[in-house]
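Visitor: no sequence on hand, only this structure:
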């Protein structure tokens, strides 16, 4: 296992071996402040130049690279490769894109471009209101319900889901080309009418991607859930974010993604004995480019 790139090496005062940690520190600082050429190159370069820096990807090959750990930061110096493990909080420049090491996911996360304005690379949110959904043809929830507040208050549009029979609603999004075609998550926005006890509601979402000239007869992927607890009549609740949802089909750039949302009445956490009112969903996707060019 490689040594973490931080903290910098130290040496005991009064010794004559200061050059060893000093040289090591210089390599670490050069990596943190230099340009990393690639984080996907798996084959150890045959003719590297002094100062060349890479991130070791999965399946790396070569006399030295094959012995390094995935995600190690490696630099070539004086005929050898030196590798250091990433440390929480470091930010590195990978071919012009800034990436931060996320210890929780063991991955480098895009946080922006190497210069100029901001970046849209990374996690993005898309809100879909109930008015942008429809009850499923089979097993659908109630039709869109509209209610007016008092003067000067917003109108409310909801899809209402039964407390005993699992019902469904659907919508579709043409996701941008810069979507990374990876997993997604969601969180529900919902409310309920007057009731006295048992306020638990469990929402679920599943999805399937359909590419150009693919059959529309495609099966949804596995659903993930968000469990929340209400309690106050007419309050808006923001449910917790779900676990990662794997999109069914074979996701590709610019796919149409079909979604199906439901109230999971058979879940032990769904205890509320009246309709749950869905106001909308926040869908979270991850992008890997700044534009759709």
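Guide: That came through fine. As the structure is a prediction and not an experimental result, all values here were calculated from the model.

Visitor: drop to CA atoms for contacts and neighbour counts, all remaining ones
Guide: Will do.

Visitor: where does the stretch 101-250 of the chain have low pLDDT?
Guide: When the per-residue scores of the stretch 101-250 of the chain are filtered using pLDDT under 70, the ranges that remain are 112-120.

Visitor: can you map out the helices along the stretch 51-200 of the chain?
Guide: Along the stretch 51-200 of the chain, counting by DSSP state H, counting those that start in this stretch, no stretch forms helices.

Visitor: what ranges do the strands span in it?
Guide: Using DSSP state E, counting those that start in this stretch, the strands of the stretch 51-200 of the chain run over residues 53-55, 73-77, 80-84, 91-94, 97-102, 107-113, 122-129, 134-135, 145-147, 156-161, 168-174, 185-192, 200-210.

Visitor: out of the ones you listed, nearest to residue 256?
Guide: Comparing those against residue 256 with CA to CA, the closest turns out to be strand 168-174 (4.3 Å).

Visitor: name the residues of that closest one that are buried.
Guide: In terms of neighbour count (16 or more other CA atoms under 10 Å), strand 168-174 has its buried residues at 168, 169, 170, 171, 172.

Visitor: which strands or helices does that strand pack on?
Guide: Identification of packing neighbours for strand 168-174 by 3 or more CA pairs under 8 Å, 6 or more residues apart in numbering; DSSP states H and E yields strand 134-135, strand 256-263.

Visitor: which elements pack onto the shortest one?
Guide: The reference is to strand 134-135. Packed against strand 134-135, as judged by 3+ CA pairs under 8 Å, 6+ apart, are the following elements: strand 168-174.

Visitor: name the residues that touch the strand it packs on?
Guide: 132-136, 139-141, 161, 254-263 (CA atoms under 8 Å, 6 or more residues apart in numbering).

Visitor: list buried residues within the residues you listed.
Guide: For these, a burial check counting by 16+ other CA under 10 Å picks out 133-136, 140-141, 161, 254-263.

Visitor: what strand or helix carries residue 274?
Guide: When elements are assigned from DSSP states H and E, residue 274 belongs to no helix and no strand.

Visitor: what is the neighbour count of it?
Guide: 17 (other CA atoms under 10 Å).

Visitor: report the contact partners of it.
Guide: Taking CA under 8 Å, 6+ apart as the definition of contact, the neighbours of residue 274 are 162, 163, 192, 193, 195.

Visitor: quick one on the thing from earlier: would a markdown table of the strands of the stretch 51-200 of the chain with distance to residue 7 be doable?
Guide: Putting these into a markdown table (distance: least, CA to CA, whole Å) gives the following:
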| stretch | distance to residue 7 |
| --- | --- |
| strand 53-55 | 19 |
| strand 73-77 | 14 |
| strand 80-84 | 11 |
| strand 91-94 | 14 |
| strand 97-102 | 15 |
| strand 107-113 | 19 |
| strand 122-129 | 28 |
| strand 134-135 | 55 |
| strand 145-147 | 58 |
| strand 156-161 | 53 |
| strand 168-174 | 45 |
| strand 185-192 | 35 |
| strand 200-210 | 43 |
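
Visitor: ranking those by burial, who's on top?
Guide: Between the strands of the stretch 51-200 of the chain, the one whose residues have the most neighbours on average, counting mean count of other CA atoms under 10 Å, is strand 53-55 (a mean of 27).

Visitor: cool, thanks, talk later.
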